[in-house]
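Asks: Return a 3D structure for these sequence lines:
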Amino acid sequence: MFHAILSACLAANPPTCAPMTLVAQPFAALADCKAQAPRIAETWLGDRPSLVQGGLSCALLADLPALPVQAVAQGIHVHIGQIAQFEDSPDGWIANLGFIIGRDSIAVIDAGASRQQGQALFAAIRRISDKPISHLIVTHMHPDHAFGAEVFREAGAAIVGHARLGDALAARGPVYLDNLTDLYGPGPMIGTRVVLPDIEVADRLDIDLGGRILTLTATGPAHSDNDLTVRDSATGTLFAGDLVFRGLTPIVDGSLPGWLDWMAAGQTAGPIVPGHGPVAADWPQAVGAQREFLTVLAASTRKAVAQGLPLSQAVPAIVAALQPFAADWASFPDSAARDATAAFKELEWE
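Replies: Numbers count the residues shown, from 1 in each chain. Predicted coordinates:
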């Protein structure tokens, strides 16, 4: 079932307007929905005739399912996603998502794979705090992190990302959306849109939530070419996005040497929230296994290049070198082949 948030209602009149959503129901209920929130319903439905034909009704936010979240530090809550790649997931809800509560406002870190998941995260936040959501920080362009963003824009948040995030989403977003719709069907993805950032970070940016400073740092190409980390000054907690994988096979979509360099340079004293997998207590726990995997990937790729193997022969040789890791990483076979291909294409030009 699709739930489309009417968060513009909150933005228009936060103190008195009850949070509501549109929920797929029999067609006759649509009139009731428009009667309760006519301007918002008509605006949201204006370019979605298929939804009107299917019929809609209103539901209170409190009645909607909320993502399970856990407190990992003072004022910091995290949803741990499924440890699987899209192809091995029933709905694509695979990324870790989180939010940080300051004295004055809340920042959300990543929004999920669809409008539906973004709404479930919004509902989880509202179970804990009614403070305004001032920022949504998108750690990179992959859809499991970015595609629930419109929910938070409608709730009044500024969307923040790496300086390259907008171009990456504009170039890849429509294809990602088509692929996920083909994979899961139109129902789970209905209403999902590609949303570009309002604020771009080329180097560093501090965000003040009221007595709590978040430091956003843009990296060079690593997991992707638009990775952004978030460090909380109050607790030292680092949201690393997909610069850190735990349990799920890492995916190279930026630069393998750049990723290894980032791990070699990065240190943090607080908890590390990875893009996938459980929260780590310290830096060695966060990156140790990933660093070993990516180091072997780089070494075996360079060996294949030195041997003069073409791509068709190099990829199986590289995957064979990675086989000792197969039991420790979810979604290994397809991800290892993808990594071998990406690494070869990059490192053959070193």
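Asks: so where do the helices sit in the stretch 151-300 of the chain?
Replies: Secondary structure of the stretch 151-300 of the chain by DSSP state H, counting those that start in this stretch: the helices cover 165-184, 186-189, 256-265, 283-306.
Asks: Which one of the ones you listed has the poorest average confidence?
Replies: Among the helices of the stretch 151-300 of the chain, helix 186-189 has the lowest mean pLDDT, at a mean of 90.
Asks: which strands and helices sit next to that one?
Replies: helix 115-128, helix 165-184 (3 or more Cβ pairs under 8 Å, 6 or more residues apart in numbering; DSSP states H and E). Where C-beta positions appear, they are placed from N, C-alpha and C, glycine not excepted.
Asks: Of those, which stretch is the most buried?
Replies: helix 115-128 (a mean of 24; mean count of other Cβ atoms under 10 Å).
Asks: what element comes up after that one heading to the C-terminus?
Replies: Using DSSP states H and E, the helix or strand that follows helix 115-128 in sequence is strand 133-137.
Asks: who touches the very next helix or strand once past that next one?
Replies: Next along the chain after strand 133-137, taking DSSP H and E as the criterion, comes helix 143-146. For helix 143-146, contacts defined as Cβ atoms under 8 Å, 6 or more residues apart in numbering pick out 81, 86, 92-95, 97, 110-113, 138-140, 169, 173, 176-177, 180, 194-195, 241-242, 275.
Asks: same deal with stretch 121-128?
Replies: Contact with stretch 121-128 is made by 5, 7, 19, 61-62, 64-69, 77, 79, 97, 99, 101, 106, 108, 111-112, 133, 148, 151-152, 155, as judged by Cβ under 8 Å, 6+ apart.
Asks: can I have that stretch written out in PDB, keeping just the CAs?
Replies: Taking Å, rounded to 0.1, in the frame of the first residue of the first chain, the C-alpha atoms of stretch 121-128 are listed here in PDB:
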ATOM      1  CA  LEU A 121      11.200   7.300   8.600                       C
ATOM      2  CA  PHE A 122       9.200  10.600   9.000                       C
ATOM      3  CA  ALA A 123       6.700   8.700  11.100                       C
ATOM      4  CA  ALA A 124       9.500   7.300  13.300                       C
ATOM      5  CA  ILE A 125      10.900  10.700  13.900                       C
ATOM      6  CA  ARG A 126       7.500  12.100  14.900                       C
ATOM      7  CA  ARG A 127       7.100   9.200  17.400                       C
ATOM      8  CA  ILE A 128      10.200  10.700  19.200                       C
END
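Asks: Quick check: which ranges of the protein have low pLDDT?
Replies: 1-61 (pLDDT under 70).
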